[in-house]
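Visitor: this one's structure only:
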Ligand SMILES: Nc1ncnc2c1ncn2[C@@H]1O[C@H](COP(=O)(O)OP(=O)(O)OP(=O)(O)O)[C@@H](O)[C@H]1O
Ligand SMILES: Cc1ncc(COP(=O)(O)O)c(N)n1
């Protein structure tokens with residue numbers, strides 16, 4: 001069985017973070033492991049507390065995984081602070097990790113900050129350049145490239161600027177657009193659009209975590225980046241279409257939908 005590691009924060013409400021990652025990876029047919037960067041006390045309406053892991057303890061978790069069950073792919077979500085980012089980058093390079101998907105989580109859907117402001121530079125310098133693909137949403141991409149994004153042309157220009165600056169493939173997610181949910185993949189070879197029909201579901205807590213974990217799971221199974229993104233997009237559309245409605249805020253998605261063997265196939 002192929003394996004994947006989530007390096008991310010814990011979401012006590014189960015909709016985002018490590019909890020979303022493990023559900024998504026399992027549904028996509030890989031064995032899921034975790035190294036937790038922070039505990040959050042969180043629900044659909046907001047984050048009430050964050051307890052960061054000590055970088056030395058995060059290193060222990062990553063070492064414990066790599067020295068026994070080497071992951072075929074790694075997804076990185078909430079990284080919180082510079083010390084944790086440096087530890088992750090150093091360890092992944094040490095183990096020559098492959099198929100690294102970084103979701104540069106900065107602010108939760110509910111509005112709470114999940115990455116310290118002064119850690120953005122460390123993220124750009126140390127972690128994003130070693131990624132196979134990064135998956136910013138529009139506000140995150142604006143921070144990474146310093147330009148405003150209003151149109152699909154702006155999305156292409158922003159993805160190009162980020163690619164040229166950091167050297168990693170960029171999946172710029174359009175979930176924050178008003179009309180469509182079209183995502184743009186910018187790689188060395190080509191620019192591809194992944195068109196999605198906007199599903200009228202206000203419960204989008206954890207969509208970014210889910211998409212990036214599904215990409216990692218499919219890379220782990222041997223699919224190339226474009227096919228992995230398409231499969232991940234199909235997965236998230238299916239999960240959103242289930243219309244689970246829990247909690248008073250933007251709720252989580254259901255992952256326990258009809259298990260279909262097609263989600264689990266390997267390349
Ligand atoms: N209402 C929707 N209908 C269909 N697809 C959606 C919808 N909202 C988001 N998506 C898709 O979900 C994925 C995540 O996109 P989004 O831009 O919401 O990321 P995000 O903001 O990082 O997510 P998060 O809510 O975890 O912060 C993308 O593939 C996006 O196109
Ligand atoms: C631990 C953790 N990681 C990531 C997110 C981002 O997800 P969202 O933007 O959907 O709130 C989150 N809320 N909590």
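Guide: On my side now, so go ahead. Predicted model only: the values in this text are computed from it and were never measured. Ligands and ions are numbered 1, 2, ... in the order given.
Visitor: Is it correct that residue 134 is in contact with residue 168?
Guide: Yes. Counting by C-beta atoms under 8 Å, residue 134 does reach residue 168; the two are 5.5 Å apart. Yep, even glycine has a C-beta here, placed from its N, CA and C like the rest.
Visitor: Any part of the helix ranked longest in the chain near ligand 2?
Guide: Longest helix in the chain, counting residues (DSSP state H): helix 225-241. No. Residues of helix 225-241 are not located near ligand 2 by C-beta under 6 Å from any ligand atom, the shortest gap being 11.6 Å.
Visitor: Check the offset of that helix from the chain's centre.
Guide: Helix 225-241 sits 13 Å away from the centroid of its parent chain (C-alpha atoms, centre = their mean, to the nearest Å).
Visitor: what sits against residue 80?
Guide: Applying C-beta atoms under 8 Å, 6 or more residues apart in numbering to residue 80 gives the contacts 9, 37, 38, 50, 52, 114, 115, 116, 119.
Visitor: Quick check: the residue nearest to the last one when sequence neighbours are not counted vs ligand 2, distance?
Guide: The shortest distance from residue 119 to any residue other than its chain neighbours is 4.7 Å, reached at residue 82 (C-beta to C-beta, 6 or more residues apart in numbering). From residue 82 across to ligand 2, the span is 18 Å (C-beta to the nearest ligand atom, to the nearest Å).
Visitor: Residue 121 now?
Guide: From residue 121 to ligand 2 the distance is 20 Å (C-beta to the nearest ligand atom).
Visitor: did I read that right, that residue in a strand?
Guide: No. Read with DSSP: H, G, I helix; E, B strand; the rest coil, residue 121 is helix and lies in no strand.
Visitor: Next, the buried residues of the longest strand belonging to the chain.
Guide: Counting by DSSP state E, the longest strand found in the chain is strand 31-43. Using 16 or more other C-beta atoms under 10 Å as the test for burial, strand 31-43 gives 31, 32, 33, 34, 35, 36, 37, 38, 39, 40, 42, 43.
Visitor: Check stretch 95-107 too.
Guide: Here stretch 95-107 shows 95, 97, 99, 100, 101, 102, 103, 104, 105, 106 as buried, counting by 16+ other C-beta under 10 Å.
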